Structures are given as structure tokens and as C-alpha cells.
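1. give the three-dimensional model of this entry:
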Amino acid sequence: MNRKLIFLDRDGVINRGFEDGYVDQWRKFSFLPRSLKALRRLREAGYRVVVVSNQAGISKGIYSMKTLREITRRMRKAVARKGGRLDAVYYCPHCDEDRCRCRKPKTELFRKARRRFGVRFRDTFFVGDSRVDIEAGKAIGCRTVLVLSGRNKRRPSWEPKPEAVRKDLWDAVNWILKKAR
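-> Prediction:
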């Protein structure tokens with residue numbers, strides 16, 4: 001069983017987010033600089049990569065699950081073409097008012113990944129771009145890294161604090177690989 005696993009948020013970590021918060025069609029999807037290179041580096045280092053992302057635009061009727069599946073299919077294909085791999089992608093399609101168990105900072109999507117991959121959370125990292133991401137990672141016992149390539153552009157003043165703050169996914173991956181030695 002491969003216990004090397006990293007969780008990533010999607011928007012603001014792998015790809016650019018939009019001002020309105022929704023990447024609701026493939027033509028709006030744009031990989032952040034060095035994110036494809038970072039994903040390849042994780043694969044080469046033997047990590048499984050699991051994306052865990054809130055996608056409330058579905059619940060709000062802004063885009064459909066079919067559209068999200070198409071964006072995900074194309075994203076995974078583009079990552080693979082550059083030598084990376086996304087081992088699983090889990091989305092929460094709900095908004096806060098739905099009171100689901102999967103919307104971050106709740107942890108059901110992480111638990112789903114644990115059932116599939118058999119990892120211990122204390123052995124994993126979660127890279128995100130928001131307070132909600134850090135809260136979710138802390139809630140399950142992951143080591144957390146905040147990247148400044150998404151919603152937050154500077155070091156957080158809020159609690160809980162991440163273990164590290166890095167410029168982008170590439171910098172986060174380099175930090176993680178050094179810590180994992």
C-alpha cells in the first residue's frame with residue numbers, strides 16, 4: 001500500500017480562480033504557472049495526488065455536473081500529457097445552505113479518499129489557498145500548506161495557521177519533498 005499521498009484544492013492551487021469564484025467551462029480553465037511541473041514532480045517522487053474541491057456552482061445552478069465532469073476529464077488529460085497524474089478527484093457540489101458532510105471545512109471527501117487509498121492523515125499534506133482549506137486539513141490531522149496563488153495573497157492573520165505558506169504549488173511541493181525526507 002502506497003502511503004505517500006497529497007491532497008490538493010483545485011481553484012487557486014492547480015488553476016486560476018475567477019473573480020466570481022466559478023470556473024464553469026473549460027475555456028475558463030487555465031493552469032497556474034509551474035502547477036503542471038509540480039504535479040509531474042509529485043508523480044516522480046511516488047506520491048498519489050487527490051484533488052478535493054468545493055464546487056458550489058452546481059448547487060447554485062451556474063453549471064452542471066456534466067460540465068464539471070468534462071472540465072475534470074480535460075484537466076486530468078492535460079496533467080497526464082505533462083507527466084503528472086491525478087489519482088482521484090472529489091468534489092462537493094453543495095453550497096453552505098445544503099448542510100452536507102462533504103463541503104470543506106467538513107471532511108467527508110478526505111475520508112472517502114482514505115477508504116480508497118488506505119492512508120493515515122498524519123502522513124499526508126493538504127495544499128490549499130484559503131482558510132477553509134487549512135481548517136479542513138487541520139480537522140483531519142493533515143499537515144497543511146497555504147499557497148498565495150489563489151484567494152489569499154499574503155500570510156494569514158487567522159487561526160489555525162498552516163505549517164507553511166508558499167508562493168504557489170511548485171514552491172509547496174519543493175517544501176513538502178524536503179520535509180518528507
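2. and I6, that's in a strand?
-> Yes. Under the criterion used here (DSSP: H, G, I helix; E, B strand; the rest coil), I6 sits inside a strand.
3. distance-wise, check it relative to V119.
-> With distances taken as CB to CB, to the nearest Å, I6 is found 10 Å from V119. Where you see a C-beta, it was placed from the backbone N, CA and C, and this is true even at glycine.
4. what does A172 give?
-> To V119, A172 is 18 Å away according to CB to CB.
5. the two: which is more packed in?
-> Higher neighbour count among A172 and V119: A172, with 26 against 22, using other CB atoms under 10 Å.
6. and the more buried one, what element?
-> helix 169-180 (DSSP states H and E).
7. CA-only coordinates of the lengthiest strand in the chain in PDB, if you can.
-> Scanning the chain for the longest strand, with DSSP state E as the assignment, gives strand 48-54. Presented in PDB, the C-alpha positions along strand 48-54 are these (Å, rounded to 0.1, in the frame of the first residue of the first chain):
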ATOM      1  CA  ARG A  48      -0.600   9.800  -5.100                       C
ATOM      2  CA  VAL A  49      -2.400  13.100  -5.800                       C
ATOM      3  CA  VAL A  50      -6.000  13.600  -4.700                       C
ATOM      4  CA  VAL A  51      -8.000  16.800  -5.600                       C
ATOM      5  CA  VAL A  52     -10.600  17.800  -3.000                       C
ATOM      6  CA  SER A  53     -12.600  20.900  -4.100                       C
ATOM      7  CA  ASN A  54     -15.800  22.700  -3.200                       C
END
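8. relative to the whole chain's centre, how far out is that strand?
-> 5 Å (CA atoms, centre = their mean, to the nearest Å).
9. try stretch 150-165
-> Computed by CA atoms, centre = their mean, the chain-centroid distance of stretch 150-165 equals 15 Å.
10. ok, and what's touching it?
-> 9, 11-13, 17, 128-131, 134-135, 137-138, 143-148, 172, 175 (CB atoms under 8 Å, 6 or more residues apart in numbering).
11. what of stretch 83-103?
-> Residues outside stretch 83-103 that contact it (CB under 8 Å, 6+ apart): 5, 10, 36, 38-40, 42-44, 48-56, 58-60, 65, 68, 72, 75-76, 79, 104, 106, 108-109, 112-113, 116-117.
12. buried residues in that stretch?
-> For stretch 83-103, the neighbour count (16 or more other CB atoms under 10 Å) marks 84, 86-95, 102-103 as buried.
13. just the closest of those to R181, please.
-> Comparing the buried residues of stretch 83-103 against R181 with CB to CB picks out G84 as the nearest, at 21.0 Å.
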